[in-house]
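> Coordinates for the following, if possible.
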Amino acid sequence: MRQFRTVAIAGGGTMGVDIALTFARAGRSVHIVEPREAGRAAIPARVAKVAAEMGGAGLERLIAVHADLAAVPWPDVDLFIEAVTENLAVKRELFAKVEALARPDALLASNSSSFPIGAIAESLARPQRCHNLHYFMPAHLVPLVEIACGPKSDLGLAQDLAQLMRDTGKVPVVIRKDLPGFLANRLQHALAREAYALAESGAASLEDIDNAVRFGFGFRYLAAGPVLQKDHAGLDIHSAAAATMYPTLCNDAKPAAILTDLVAQGRIGMKAGSGFYDWTPESIAREKARYEAALRAALAILAPELPPVKPLPS
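Numbering: from 1, shown residues only. Next up, the predicted model:
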């Protein structure tokens, strides 16, 4: 199994910085590339805040920030992660530049949640070393990381990435097919499609739909996923219920009007002051505090099942 001692990350936003801190906590040296001056200026405060939450005093010593790719010590870099804007052309251009700079054996990964690695790496000379390495926000709290393989990705290298994720305290899942949305987002969207259909039909309110998930089966999912939970409940019961419900489930091939209409109106969520719900600065602050506290409580419950962080030996 290969050693990963030095990581380079393109993108110094919230996601990029939080990913960097998960590596620093595991003793890896990290280089963040952030071209925007304002973005670079904001990084130290984010590092200090999240490092304190992680109980990682001194992590900032393992993180260097650069204005451009040329400043990174590429001969030392074992893994590159792209965490820039969700624009396929931008990602392709970035990967082409990095391929010319990185060692031939360095792995190249994208944190994209929407573009498959096959599309990003299609013009590269060594696409077998490219994978999606998809973290979930907030990256320093959510244990799951998806490792998605493209049509030319090396599955053995994906297993190397999976071990690295375990060494940083994460729970990796490997997706062997280059599917839009990978694994977790496909499951989430299947649920969301049915939720929107129920709301549009007048079967239930948005609040009741949220509560049905949070305080019902979603509550149980913390203890067992949808497959294991059915072994608890009984496959005979599940199969009979499925035969009744499946013909009535939403199977629309396009996003629901309840969603697209809000987007067209500019009601895109907290950052716009409204989405499915209305928001004020005060209610946003309260909700974000509640949300993060709930995540931390859930993380504490799962802690005995998470891989221990394994810093590299000095």
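> Isn't residue 194 up against residue 252?
No. Using C-beta atoms under 8 Å as the test, residue 194 is too far from residue 252 to be in contact (9.8 Å). Using the backbone N, CA and C atoms, a C-beta is placed for each residue, glycine as well.
> how far does stretch 176-186 stretch from start to finish?
14 Å (C-alpha to C-alpha, to the nearest Å).
> so what are the domain limits for the protein?
For the chain, the domain assignment from automatic domain parsing gives the residue ranges 6-182, 188-252, 265-305.
> Strands of the stretch 1-150 of the chain, start to end?
For the stretch 1-150 of the chain, the strands defined by DSSP state E, counting those that start in this stretch cover 6-10, 29-33, 63-66, 79-82, 107-110, 130-135, 144-149.
> Determine the set of other helices and strands touching the last one.
Using 3 or more C-beta pairs under 8 Å, 6 or more residues apart in numbering; DSSP states H and E as the contact definition, the elements that strand 144-149 packs against are strand 130-135, helix 155-167, strand 171-175.
> Point out where this protein drops to low pLDDT.
Within the chain, the ranges that satisfy pLDDT under 70 run 1, 314.
> hmm, 90 instead?
Counting by pLDDT under 90, the chain has low-confidence residues at 1-3, 53-57, 113-114, 178-180, 311-314.
> which residues in it form helices?
Applying DSSP state H to the chain gives helices spanning 14-25, 37-54, 88-101, 117-120, 155-167, 184-201, 206-212, 218-221, 226-233, 235-245, 257-264, 281-302.
> Export those helices to a markdown table and append columns for mean neighbour count and distance to residue 3.
Formatted as a markdown table, the helices of the chain follow (neighbours: other C-beta atoms under 10 Å; distance: least, C-beta to C-beta, whole Å):
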| stretch | mean neighbour count | distance to residue 3 |
| --- | --- | --- |
| helix 14-25 | 24 | 13 |
| helix 37-54 | 15 | 23 |
| helix 88-101 | 16 | 20 |
| helix 117-120 | 21 | 23 |
| helix 155-167 | 18 | 9 |
| helix 184-201 | 16 | 28 |
| helix 206-212 | 14 | 44 |
| helix 218-221 | 12 | 35 |
| helix 226-233 | 11 | 34 |
| helix 235-245 | 10 | 43 |
| helix 257-264 | 13 | 45 |
| helix 281-302 | 11 | 27 |
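> Make CSV from these and add distance to residue 173 to it.
Output for the helices of the chain, formatted as CSV (distance: least, C-beta to C-beta, whole Å):
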stretch, distance to residue 173
helix 14-25, 16
helix 37-54, 23
helix 88-101, 22
helix 117-120, 15
helix 155-167, 8
helix 184-201, 8
helix 206-212, 26
helix 218-221, 15
helix 226-233, 13
helix 235-245, 22
helix 257-264, 27
helix 281-302, 15
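> Go through the ones you listed and name the closest to residue 174.
When those are compared by C-beta to C-beta, helix 155-167 sits nearest residue 174, at 5.3 Å.
> if I pick the nearest residue to residue 117 once chain neighbours are set aside, what's in contact with it?
In space, and not counting its chain neighbours, residue 117 is closest to residue 150: 4.1 Å by C-beta to C-beta, 6 or more residues apart in numbering. Residue 150 sits next to 116-118, 121, 127, 130-132, 178 when contact means C-beta atoms under 8 Å, 6 or more residues apart in numbering.
> Identify, from these, the entry nearest to residue 159.
Nearest member of the contacts of residue 150 to residue 159, counting by C-beta to C-beta, is residue 131, at 10.5 Å.
> for the closest residue to residue 84 other than its chain neighbours, phi and psi?
Counting by C-beta to C-beta, 6+ apart, residue 84 lies nearest to residue 11, which is 4.4 Å off, once chain neighbours are set aside. Residue 11 adopts backbone torsions of phi 120, psi 110, taken as degrees, to the nearest 10.
> who's in contact with residue 11?
Contacts of residue 11 (C-beta under 8 Å, 6+ apart): 32-34, 82-85, 111.
> related to what we said a few turns ago, figure out which of the helices of the chain is closest to residue 137.
So among the helices of the chain, helix 14-25 is nearest, using C-beta to C-beta, at 6.3 Å.
> And that closest one, how far out from the chain middle?
Centroid separation between helix 14-25 and its chain, computed with C-alpha atoms, centre = their mean, to the nearest Å, is 12 Å.
> what's that helix in contact with?
7, 9-10, 30, 32, 34, 43, 46-47, 50-51, 54, 56, 59-60, 62-63, 81, 83, 111, 135, 137-140, 168-170, 309.
> Stretch 83-90 now?
Contacts for stretch 83-90 (C-beta under 8 Å, 6+ apart): 9-11, 13, 15-16, 19, 91, 94, 111-115, 119-120.
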